[in-house]
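Novice: Provide a 3D model corresponding to the input given below.
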Amino acid sequence: MNQPGKIENLVGPIVALDLGQNRVGVAASDSLLISISKLAPLTRTNWKQLLRDVVELVGRLDAKTLVIGLPLCLDGIRGSAALEAEYTAGKFALSLKIPVYLQDERLSSVEAEVELRAAGKTPVEIRDLVDCQAAAIILRDFIAGGQPGLLVPIPLPDCRD
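Specialist: Here you go, the predicted structure:
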């Protein structure tokens, strides 16, 4: 992966994903990167369907960038969930015609739950909204640049015999 750095010339709209095992939280910015909207979560069944859903979403919103949450451990170590997110981000980088970034998402789900609870949401509503709230936090942090994102390189083909 590339090293984190300040992202120059950021152009919107930007779509952010919070990858979960069964559901993917989705948020998107406007073209001026002023507002962030939480969108309906995507159901995650298999790679092909997830790719179709994201391609459709990117096209419908005319997104210029895709941001994927990178679930690092609290100490910054890449565990199995982070490795899976990096792998999936690499497949998106290969499949889409827009830049794909990874954004540190440590504690985004906890922050999302706190925000939803503070907004008076019930436990059932929190369960249904937490993924997209986390995606909105990931996108907010990415745009703010406080924790610079990592550009996902397009994987090179395997040239081994």
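Novice: May I see the buried residues of stretch 40-49?
Specialist: Residues Pro41, Leu42, Arg44 are the ones in stretch 40-49 that count as buried (16 or more other CB atoms under 10 Å). C-beta: built from backbone N, CA, C; applies to glycine.
Novice: Same question for stretch 72-86.
Specialist: Leu72, Ala81, Ala82, Ala85, Glu86.
Novice: got CSV for the residues you listed, with pLDDT, distance to Gly145 and secondary structure too?
Specialist: Listed next are the buried residues of stretch 72-86 as CSV, based on pLDDT from 0 to 100; distance: CB to CB, whole Å; DSSP: H, G, I helix; E, B strand; the rest coil:
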residue, pLDDT, distance to Gly145, secondary structure
Leu72, 89, 18, coil
Ala81, 90, 24, helix
Ala82, 91, 21, helix
Ala85, 94, 20, helix
Glu86, 93, 21, helix
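Novice: which residues does Leu17 bridge with?
Specialist: Counting by DSSP bridges, Leu17 is bridged to Val26, Ile68.
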